[in-house]
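> Provided below for reference: sequence and predicted model.
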Amino acid sequence: MDVILWRHAQAHEALPGFDDASRALTAKGEGQAARVGKWLDRQLPDSARVLASPARRAEQTVKALGRKYKLRDELVPGSSAQELLALLKWSPELGPSHKGTVLLVGHQPTLGQLAAHLLGSTEAACDLRKGAVWWLRSRRHEDQWHTSLLTVIHPDLI
């Protein structure tokens, strides 16, 4: 299974009295999302499932991909890596329940916590920068699941 983590692009800072989920992308963030979305669209298989946080900045980011997607509450800010594992139907003993590719568009620190968990890191969370993509691949080898980091791409490099 390939799990691709895409952190939302740069967004405006939260203003006092406004809901965090309503924060929109900045002009720079819109450019980041467009560049990464175009790159991702060329890399992703047609069968990839795309799941995104319902926060405005995450939905604006995923729209730049130009593919169908589903909004999932498990990806909201403040969710846990365990909630994302459950969303992926990932068993600690058996690994992922199905093959294929899943793109998750969400927030730090949750995406970084998931990456650290899947990679077996001793760190609590990996540092996914705004707009960046981390592409992870999990394969079964000698009755154990191994996850490797295939690529990390930052919007400034595209």
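The structure has been received and is ready for your questions.
> hmm, what's the outermost residue in the chain?
The outermost residue of the chain, judged against the average C-alpha position, is Glu142 (28.1 Å), by CA atoms, centre = their mean.
> Point out the other helices and strands that the biggest helix by length in the chain packs with.
With residue count as the measure and DSSP state H as the assignment, the chain has helix 27-43 as its longest helix. In terms of contacts (3 or more CB pairs under 8 Å, 6 or more residues apart in numbering; DSSP states H and E), helix 27-43 is packed against strand 2-7, helix 56-63, strand 133-141. C-beta: built from backbone N, CA, C; applies to glycine.
> roughly how far out does the next helix or strand after that helix sit from the chain middle?
Remark: after helix 27-43, the chain's next helix or strand is strand 49-52, criterion DSSP states H and E. Distance of strand 49-52 from its chain centroid, counting by CA atoms, centre = their mean, to the nearest Å, is 9 Å.
> Could you find the closest non-adjacent residue to Val36?
Of all residues not flanking Val36 in the chain, Pro155 sits nearest, at 5.2 Å (CB to CB, 6 or more residues apart in numbering).
> what about Pro96, distance to Thr147?
The gap separating Pro96 from Thr147 is 10 Å, by CB to CB, to the nearest Å.
> again with Thr122
Looking at Thr122 against Thr147, where the rule is CB to CB, the gap reads 15 Å.
> The two: which has the busier surroundings?
Higher neighbour count among Thr122 and Thr147: Thr147, with 18 against 5, using other CB atoms under 10 Å.
> for that one, phi and psi?
For Thr147, the backbone dihedrals (degrees, to the nearest 10) come out as phi -120, psi 130.
> residue contacts, it?
Thr147 sits next to Leu118, Leu119, Gly120, Leu136, Arg137, Ser138 when contact means CB atoms under 8 Å, 6 or more residues apart in numbering.
> what's the pLDDT at the spatially closest residue to Gly120 that is not a sequence neighbour?
Counting by CB to CB, 6+ apart, the nearest residue to Gly120 once its immediate chain neighbours are dropped is Thr147, at 7.2 Å. On pLDDT, Thr147 comes in at 91.
> Does Thr147 have any beta-bridge partners, and if so which?
Following DSSP bridges, Thr147 is listed with bridge partners Ser138.
> if I look at it, how far off is Gln113?
As for Thr147, its distance to Gln113 is 14 Å (criterion: CB to CB).
> again, but for Ala14
For Ala14 relative to Gln113 (CB to CB), the value is 21 Å.
> neighbour-wise, which of these two wins?
Just comparing Ala14 and Gln113: by other CB under 10 Å the higher neighbour count belongs to Gln113, 21 against 12.
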